[in-house]
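In: Provide a 3D model corresponding to the input given below.
(one chain, ligands or ions: 1)
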Amino acid sequence: MGVMDSDGKQHFAEGIVATNTQEWVLNPETEYRFELDPGTSLAIKLLRGHAEIFGAELVDGKTYVYGFECKAAVCLPVWTRCRHRKHVTGQPSTEYISEETPMVAYANVHLALEQMRVRALRAVHGSPPSDDDDADILTNPDAPRVLVLGPENSGKTTMCKILTNYALRTGQDWCPLLVNADPSEGGWAVPGAISAASISIPIQTCSSASPLGSTATSAPTHMSSNALLPLAYWYGHAQTRRNPLLMDRVIRNLGENIMERWESDTESRVSGLIVDTPASFAASSGSNGDHRQTLIKACVDAFRINVILVVGHEKLNVEMQRIYGNRMAVVKIPKSGGVVELDASYRERIRKYELHKYMYGQVIEPPSGLSSTVCMQGGEQTPDLTLALSPSSSVISFSDLRIYRIGEETMAPVSALPIGATRVVSEMQPLVVDPALPGSGLYNAVLALLAPPNPDESERYDEEVLDLPIVGFTVVTALDIPNKRMTVLAPSQGSLAGRIAVVGSFEWQE
Ligand SMILES: Nc1ncnc2c1ncn2[C@@H]1O[C@H](COP(=O)(O)OP(=O)(O)OP(=O)(O)O)[C@@H](O)[C@H]1O
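Out: Residues are numbered from 1 along each chain as shown. Next up, the predicted model:
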């Protein structure tokens with residue numbers, strides 16, 4: 001691979017020569033944007049200066065690989081004033097240098113959030129206020145709890161990532177919570193879940209299948225030093241309008257769990273949290289309008305939001321100002337011109353990548369001519385391909401798993417009910433699914449495995465299944481009805497006997 005030294009001379013490192021290499025020089029307040037097609041990868045090596053991808057710094061001299069239709073931008077840290085050079089190997093479908101980025105606006109938001117953290121920490125330690133503290137902050141020295149709202153493809157997830165990564169770079173040992181309240185994105189789990197993780201090392205962007213970094217729950221464990229232990233609840237569908245009541249409930253469960261943990265974890269509490277939301281929260285037209293206000297309120301209440309950031313949507317900003325402006329800061333943030341318009345088929349592929357990544361782990365093959373041994377994937381050495389393929393397929397008895405489906409879509413249509421009968425099952429009722437029944441919908445279904453219910457029978461209640469956090473996922477790959485057995489795929493071996501599982505509307509595709 002060609003490496004340019006400080007005199008501009010070309011050298012070759014480790015005898016590897018890559019084709020399609022290119023060198024870019026970035027100036028302050030510009031960014032190099034790239035978009036990868038399916039099956040292609042890209043390697044980037046910083047030759048000189050400082051650079052970051054969505055707030056996570058690139059280490060000088062290391063080669064990073066990107067794949068799985070990753071779309072991202074390399075820019076100079078806002079506070080850097082020098083030019084830098086970097087070396088790109090591979091062929092993105094789109095690449096260009098943009099001279100317009102909203103990074104200064106994002107950095108200003110970060111500075112305001114940082115002040116809130118510092119003041120919250122000072123209040124916890126009982127330190128005297130500083131001269132620059134304003135009256136409002138003195139009476140309410142709260143850590144930032146930020147809700148990010150915006151329409152589809154406005155860059156919400158990217159902004160959440162940038163703000164989280166910036167918080168980590170202040171050297172204050174913050175560990176902000178990042179909450180993924182968008183069930184159409186897997187986040188650290190698989191699509192259908194909403195989750196939260198305490199972030200203490202920068203979130204790397206290397207693949208569309210892991211936009212928020214890697215988790216300890218997915219196979220394989222090669223990313224263990226970067227792995228996160230998320231807290232997740234199961235909603236089960238991509239669209240929030242499918243069961244808004246259930247969505248409301250899982251948001252509140254996640255918030256409650258976080259608040260309980262914070263009671264004994266001051267360090268995490270003063271670091272605050274950032275909540276990424278689905279685009280449906282911003283779409284006021286159509287059937288979304290009915291429930292989106294309720295769900296925004298559920299987030300505001302559950303995560304005790306005190307800052308709302310609205311990305312690139314004037315009308316939504318005005319609406320949020322009107323509803324919440326008297327009790328918290330509502331700030332409009334410009335949308336980056338680099339955000340890629342993702343269509344439905346791309347999103348479908350991403351969900352497939354996310355599910356596969358959960359089962360098989362993920363290895364990005366470097367561009368031709370580059371050895372994986374010299375590459376970093378998501379901030380870690382690229383793992384051996386053979387290590388990654390380790391899910392376990394096992395045959396279990398129908399009675400091993402108690403599988404539920406939530407709500408009325410499991411029921412017969414109203415027209416099929418006896419005359420005069422009304423529905424008695426609510427959208428929130430967990431119904432046991434019998435795998436032996438034709439049309440159970442379990443073949444190829446993704447199941448969330450839940451934590452055990454309360455061992456104290458007297459504390460149990462009908463809807464307890466809705467309130468149990470997720471401990472893992474499995475997929476039903478075959479049903480043998482005559483023998484009452486099914487084949488399930490899971491990232492690691494382990495008995496499923498006695499487990500509770502919930503099915504949603506996501507399907508596994510090989
Ligand atoms: N400056 C940029 N340059 C290149 N790609 C970018 C940039 N900013 C964001 N992207 C990419 O654009 C895509 C959409 O961005 P992002 O996921 O942040 O938007 P979103 O508003 O959260 O999307 P959704 O509609 O799913 O809620 C992502 O693949 C992201 O990596």
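
In: how close does the residue lying closest to residue 447 once chain neighbours are set aside get to the ligand?
Out: Excluding the flanking residues, the one nearest residue 447 by CB to CB, 6 or more residues apart in numbering is residue 501, at 4.1 Å. The C-beta positions use only the backbone N, C-alpha and C, and glycine is treated the same way. Taking CB to the nearest ligand atom, to the nearest Å as the measure, residue 501 and the ligand are separated by 27 Å.

In: how about stretch 247-256 as CSV, C-alpha atoms only?
Out: Below are the C-alpha coordinates for stretch 247-256, written out as CSV (Å, rounded to 0.1, in the frame of the first residue of the first chain):
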residue,chain,number,x,y,z
MET,A,247,-44.4,1.5,21.7
ASP,A,248,-45.4,3.9,24.5
ARG,A,249,-45.1,1.1,27.0
VAL,A,250,-41.6,-0.1,25.9
ILE,A,251,-40.3,3.5,25.9
ARG,A,252,-41.5,4.0,29.4
ASN,A,253,-40.0,0.7,30.5
LEU,A,254,-36.6,1.6,29.1
GLY,A,255,-36.8,5.1,30.8
GLU,A,256,-37.8,3.6,34.1
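
In: so how far is that stretch off the chain centroid?
Out: The chain centre lies 17 Å from the centre of stretch 247-256; the measure is CA atoms, centre = their mean, to the nearest Å.

In: which residues does it contact?
Out: 179, 181, 183, 194-196, 231, 233-235, 240, 291, 294-295, 298-299, 301-304, 428, 466-467, 469 (CB atoms under 8 Å, 6 or more residues apart in numbering).

In: out of the residues you listed, which sit inside strands?
Out: Using DSSP state E to define strands, the subset of the contacts of stretch 247-256 located there is 179, 194, 195, 196, 231, 233, 234.

In: quick one: the nearest residue to the second one once chain neighbours are set aside from residue 73, how far?
Out: To tie it back to what came earlier, the one meant is residue 194. The shortest distance from residue 194 to any residue that is not its chain neighbour, by CB to CB, 6+ apart, is 5.1 Å, and that residue is residue 181. As judged by CB to CB, to the nearest Å, residue 181 and residue 73 stand 24 Å apart.

In: can you list the domain ranges for the protein.
Out: Listed by the TED database, the domain ranges of the chain are 21-100+363-385, 102-333, 392-507.

In: okay, now residue 98: neighbour count?
Out: The burial metric for residue 98, expressed as a neighbour count using other CB atoms under 10 Å, is 15.

In: I misspoke; the intended subject was residue 491.
Out: 21.

In: for residue 181 and residue 73, indicate the residue with more neighbours.
Out: Under the neighbour definition other CB under 10 Å, residue 181 and residue 73 were set side by side, and residue 181 has more, 28 against 23.

In: partner residues bridging residue 401?
Out: Listed beta-bridge partners, residue 401: residue 499 (assigned using DSSP bridges).

In: turn the domains of the chain into JSON lines, including distance to residue 339 and mean pLDDT.
Out: Listed next are these as JSON lines, based on distance: least, CB to CB, whole Å; pLDDT from 0 to 100:
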{"stretch": "domain 21-100+363-385", "distance to residue 339": "9", "mean pLDDT": "79"}
{"stretch": "domain 102-333", "distance to residue 339": "4", "mean pLDDT": "86"}
{"stretch": "domain 392-507", "distance to residue 339": "25", "mean pLDDT": "84"}
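
In: wait, which of those is closest to residue 354?
Out: When the domains of the chain are compared by CB to CB, domain 102-333 sits nearest residue 354, at 3.6 Å.

In: can you give me the first-to-last residue distance of the closest one?
Out: Across domain 102-333, the terminal residues are separated by 8 Å (CA to CA, to the nearest Å).

In: that one and the ligand in contact?
Out: Yes - part of domain 102-333 sits close enough to the ligand to count as contact by CB under 6 Å from any ligand atom, namely 150, 152, 153, 154, 155, 156, 157, 158, 182, 208, 279.

In: so what's the closest residue to the ligand within the stretch 1-150 of the chain up against?
Out: Taking CB to the nearest ligand atom as the measure, the stretch 1-150 of the chain has residue 73 as its residue closest to the ligand, at 3.3 Å. Applying CB under 8 Å, 6+ apart, one finds that residue 73 lies in contact with 31, 32, 33, 34, 53, 54, 98, 101, 336, 338.
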